[in-house]
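here is the input, now give the coordinates:
(2 chains)
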2 protein chains.
Amino acid sequence: MELVYTGKTKDVYALEDGNCLLKFKDDVTGENGVFDPGANTVGLQIEGAGKAGLRLTKYFFEKINALGIPTHYIDADLEAGTMKVKKATPFGQGLEVICRYRAVGSFLRRYGKYAQDGQPLDAFVEVTLKDDDRNDPPITEDALDMLGILSQDEYKVLKELTQKIAGIIKEELTQRGMELYDIKFEFGRIGDDKQIALIDEISGGNMRAYKDGRRVEPLELEELMR
Amino acid sequence: MELVYTGKTKDVYALEDGNCLLKFKDDVTGENGVFDPGANTVGLQIEGAGKAGLRLTKYFFEKINALGIPTHYIDADLEAGTMKVKKATPFGQGLEVICRYRAVGSFLRRYGKYAQDGQPLDAFVEVTLKDDDRNDPPITEDALDMLGILSQDEYKVLKELTQKIAGIIKEELTQRGMELYDIKFEFGRIGDDKQIALIDEISGGNMRAYKDGRRVEPLELEELMR
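Residues are numbered from 1 along each chain as shown, chains lettered A, B, ... in the order given. This is a model prediction of the structure:
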C-alpha cells in the first residue's frame, strides 16, 4: 500500500486493486486554535476527530450513493479510520464547490456591501480554486471553461449535483434541530466515462451549522448526527 | 449646475435639462506614482491628463454611438474639459466590466496557477464590484442575479456589449501598432426603458496596451490615438 498524497486532514494510499484508501487524521483546519472550514491551515488537533469525521462521511456517502448520485465511496472501516474509494481525477489541480444558504464567511467578506450577515441565500453555488498561495480565489464558469478546468456543460452538472447533495444534507441536519448555513464539496471524474462524482469527505469540518442561534462545532455536529 | 459626485478622476454635475456634465480632472489612478488601471487610489497628477483622456473618450464614444451601440454620450467640450451625458443608473452601487485579451494584472494574480503571464485570452469578460473597502471583488453571474444587482438576461447583454465594444477599441489600437491586453468599462441603465448602455469614460487609464513589447502609458496612448 503506497502513500500517494499527504493532505491537511487525510492521507491517501493507492491500493493494488486500483482503488484508493483514505486515512482520516485528527487534524482540523482553522487558525489559532479556532475551527474554520474555509481555512487553509491546520489549526488544531482533536483526539478522535478523524474517526468522528469518517463516521459522518460514511453516513452521508451511503445515503447519497443509495439515491443514485455518483460518488467515489466504496466502503469504510470505522475502527481503522479508513475509507475505500474509487480513483478520481480532480478538475485542474482541485476545486472547492460551495453551496450557501446563509451569507457568512468569505461570501460576506466579499459581498458585504450587498448582503447582511446571515441573510438567507437560495442554495447559492460558487467555485473556488484550491490554491493556498492565492487564498483559494473564486472563479467563474467562463474562466473555468477558458482555462480548460471544466467545460460549461460539466459546470451545469456540477452545480446541479451540488444543490442536490447540499439539499440532502441540509434536510438531515434540520431533522436534528440544526440549520445548515454553508457546505463545501469536492468533485472529480471517475471511471472510463469520466463521470462527475462527489469525492473527498463530508464531515463536520466541511460545513457551518447553527443550533439555537449558536454555531455547532464539527465534533459536536458529528455527535448530534449519531 | 450642481456638483452631485466627486470621483477619483472626474466630477459629476447635474444639468437643468436632466442630463449630466462630467468634468475631467488631471488625476490618474495608480500607486506610488505608477499608473495602474486596476488601482483604487489616485497615484499621480499629470497636467493635461484630463483633457487628453476626454479627447480619446470623445473619439471612442462617437465611434461607438455611430455603430448604434447604446452609450450615455451626448457631446464633449475639449476646451472646457467637459462631457455632456445622459443620466444613468448604475447596477447596484457600481460594477466594473473587464474584457481581457492577455493574462495580466488581477487575472494573473488570481489564476496564476493555471495561466502564464501574458497568455492570450479569448475576449474573456469578468465583472467586479466597485468596492474599495473590499478591493473590488470579482462576482459571478449567479451572485449578481441573487443579490439583485443584475438579472441573468441583463448579464448576457452586458457580456455581449462588452465584447463588441472591446473589439472595436482593440481594432483601433491595432491600426496604430498597439496591442490591447485588457480594458475596463462601466455600464448603466438609461432612459425610461432602462436600456443597458456604456457609461463613464474610455481613456488610456481604462486599458492596458503594449507596443513593441513595451507597456504604453495612458498619456502616450492618448497621443498615439490622435
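
the nearest residue to A:Glu201 once chain neighbours are set aside is in what secondary structure piece?
Sequence neighbours aside, A:Thr57 is the residue nearest to A:Glu201 in space, at 4.3 Å (criterion: C-beta to C-beta, 6 or more residues apart in numbering or on different chains). Using the backbone N, CA and C atoms, a C-beta is placed for each residue, glycine as well. For A:Thr57, the element it lies in under DSSP states H and E is helix A:49-66.

which residues are contacting the following helix or strand past that helix?
As assigned by DSSP H and E, the chain's next helix or strand after helix A:49-66 is strand A:73-77. Residues outside strand A:73-77 that contact it (C-beta atoms under 8 Å, 6 or more residues apart in numbering or on different chains): A:19, A:54, A:57-58, A:61-62, A:64-65, A:82-86.

lowest confidence element among the helices and strands of chain A?
In chain A, the helix or strand scored least confidently by mean pLDDT, DSSP states H and E is strand A:34-35, which has a mean of 74.

what pairs with that strand, and is each one parallel or antiparallel?
Paired neighbours of strand A:34-35 in the sheet (DSSP bridges): strand A:27-31 (antiparallel).

the partner strand - what's its average pLDDT?
When pLDDT is averaged along strand A:27-31, the result is 76.

kindly report the same for stretch A:7-17.
The average pLDDT for stretch A:7-17 rounds to 92.

how about the nearest residue to A:Glu16, chain neighbours excluded?
Using C-beta to C-beta, 6+ apart, the closest residue to A:Glu16 is A:Met1 (7.8 Å).

thought that neighbour was touching A:Lys23?
No: using C-beta atoms under 8 Å, A:Met1 is not in contact with A:Lys23; the gap is 9.8 Å.

wait, doesn't A:Tyr181 sit right on A:Cys99?
No: here A:Tyr181 lies out of contact with A:Cys99, judged by C-beta under 8 Å, at a distance of 10.2 Å.

now the most centrally placed residue in chain A: closest residue in space that isn't a chain neighbour?
Here the mean C-alpha position of chain A is nearest to the C-alpha of A:Phe185 (C-alpha atoms, centre = their mean), at a distance of 3.0 Å. Nearest residue to A:Phe185 in three dimensions, chain neighbours excluded: A:Val97, at 4.9 Å (C-beta to C-beta, 6+ apart).

now the one you found: which helix or strand?
strand A:95-102.

CA atoms only for that strand - export them in PDB, please.
Extracted in PDB, the C-alpha atoms of strand A:95-102 (Å, rounded to 0.1, in the frame of the first residue of the first chain):
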ATOM      1  CA  LEU A  95     -11.700  22.900  -6.900                       C
ATOM      2  CA  GLU A  96     -13.900  23.500  -4.000                       C
ATOM      3  CA  VAL A  97     -17.600  23.800  -4.600                       C
ATOM      4  CA  ILE A  98     -19.600  25.700  -2.000                       C
ATOM      5  CA  CYS A  99     -23.300  25.800  -1.500                       C
ATOM      6  CA  ARG A 100     -24.600  28.600   0.600                       C
ATOM      7  CA  TYR A 101     -27.900  29.000   2.500                       C
ATOM      8  CA  ARG A 102     -26.800  32.000   4.600                       C
END
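
buried sites along the helix or strand that that strand is followed by?
Next along the chain after strand A:95-102, taking DSSP H and E as the criterion, comes helix A:105-111. Using 16 or more other C-beta atoms under 10 Å in any protein chain shown as the test for burial, helix A:105-111 gives A:105-108, A:110-111.

contacting chain B as well, which ones from these?
Counting by C-beta under 8 Å from any C-beta of the partner chain, A:110-111 from the buried residues of helix A:105-111 sit close to chain B.

and the two most separated of the buried residues of helix A:105-111?
For the buried residues of helix A:105-111, the farthest-apart pair by C-beta to C-beta is A:Gly105 and A:Tyr111; their separation is 11.0 Å.

which residues does the residue nearest to A:Glu16 contact?
Shown in contact with A:Met1 (C-beta under 8 Å, 6+ apart): A:13-16, A:21.

quick one: it and chain B, what's the gap?
Noted for A:Met1: a distance of 30 Å to chain B, by C-beta to the nearest C-beta, to the nearest Å.

ok, now A:Gly68?
When C-beta to the nearest C-beta is the yardstick, A:Gly68 and chain B sit 26 Å from each other.

and that residue, how many residues sit next to it?
Neighbour count for A:Gly68, taken as other C-beta atoms under 10 Å in any protein chain shown: 6.

and A:Pro138, by the same measure?
Using other C-beta under 10 Å, A:Pro138 is surrounded by 21 other residues.

and it, what does it touch?
The neighbourhood of A:Pro138, defined by C-beta under 8 Å, 6+ apart, consists of A:106, A:110, A:126-128, B:137-138, B:140.
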